[in-house]
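S.K.: just a sequence and a predicted model for now, questions to come.
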Amino acid sequence: MAEVVIVGDSGAAGTLVAEAIVSLIEERPDAVLGLATGSTPLPVYEALAARSQGLDLSRVRGFALDEYVGLPAGHPESYRSVITREVVEPLGLVPERIQVPNGAAETIQHAGADYEAAIQAAGGVDLQILGIGTDGHIGFNEPGSSFASLTRVKTLTEQTRRDNARFFDSIDDVPMHCITQGLGTILRARHLVLLAFGAGKAAAIAAALEGPLSANLPGSAVQLHPRATVVLDEAAASELQHADYYRYAYANKPAWQGI
């Protein structure tokens, strides 16, 4: 089962995960990070920026989870722009070492295979940061996604488009399609770190961690991974049946194991 860590708030979660990333980079300076976008991972990136003084990040590599299809180059809500703005620039990463799926319409037919090849050429992802949608999606793997799926083009659900409309002028401006790492791609990462905050994520978290494995709830794929860490605030953990056990297990975990 996944390790579940319940903390007081998103700031504490960000600090915890940032410390794990610092330890990884100190051990492996050319570490490969899987980078999620959206509001959920921001506390991690902010805490990592605060702790990166004196840390050599020049060899760190990264792969974004997904990208919209068809947004103009340089669009502020493309995930290339978001990753640059929220991760690359604050951390001082080398832009050429951070890759994002290519959502350009003219190359979209082979963009998934190209991205899979790039991840494999980098030796795979060491630590993959994940969020979860209110419908249980991870990346842009919507309900019904195969656990064996690889990077590919997907049609976004109306719920996901509504959730993401806050970043655009209106829902009509949210693209209909995306290119996303598949669940099979995500599961190949050596360490998964899934974060969720707020009561709005509580039902999806409970179903993903304590419900049955189901393609209808893509987040349940984390149950298949040998090293998955789920970091939650109290509100996101509020519907877990075994929350007390998770707290007990983490409180009594050997400190050297980290997360």
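M.R.: On my side now, so go ahead.

S.K.: just checking, what packs against whichever helix in the chain runs longest?
M.R.: Longest helix in the chain, counting residues (DSSP state H): helix 10-27. Applying 3 or more C-beta pairs under 8 Å, 6 or more residues apart in numbering; DSSP states H and E, one finds that helix 10-27 contacts strand 3-7, helix 42-51, strand 127-130, strand 192-196, strand 228-233. Every residue, glycine included, has its C-beta placed from N, CA and C.

S.K.: pLDDT averaged over that helix - what is it?
M.R.: Averaging pLDDT along helix 10-27 yields 97.

S.K.: compute the inter-axis angle for that helix and strand 228-233.
M.R.: Interaxial angle, helix 10-27 versus strand 228-233 (axes from the mean of the first three to the mean of the last three C-alpha atoms, to 10 degrees): 150 degrees.

S.K.: the helix or strand just after helix 10-27 pairs with which strands?
M.R.: With elements assigned by DSSP states H and E, the helix or strand that comes after helix 10-27 is strand 32-35. Partner strands for strand 32-35, per DSSP bridges, with pairing direction: strand 61-64 (parallel), strand 127-130 (parallel).

S.K.: pLDDT on stretch 70-81, on average?
M.R.: 90.

S.K.: for stretch 228-243, that is, sorry about that
M.R.: Average pLDDT, stretch 228-243: 98.

S.K.: and the end-to-end length of that stretch?
M.R.: Terminal residues of stretch 228-243 lie 16 Å apart, using C-alpha to C-alpha, to the nearest Å.

S.K.: stretch 233-240 too?
M.R.: 12 Å.

S.K.: same check on stretch 156-169?
M.R.: End-to-end distance (C-alpha to C-alpha), stretch 156-169: 18 Å.
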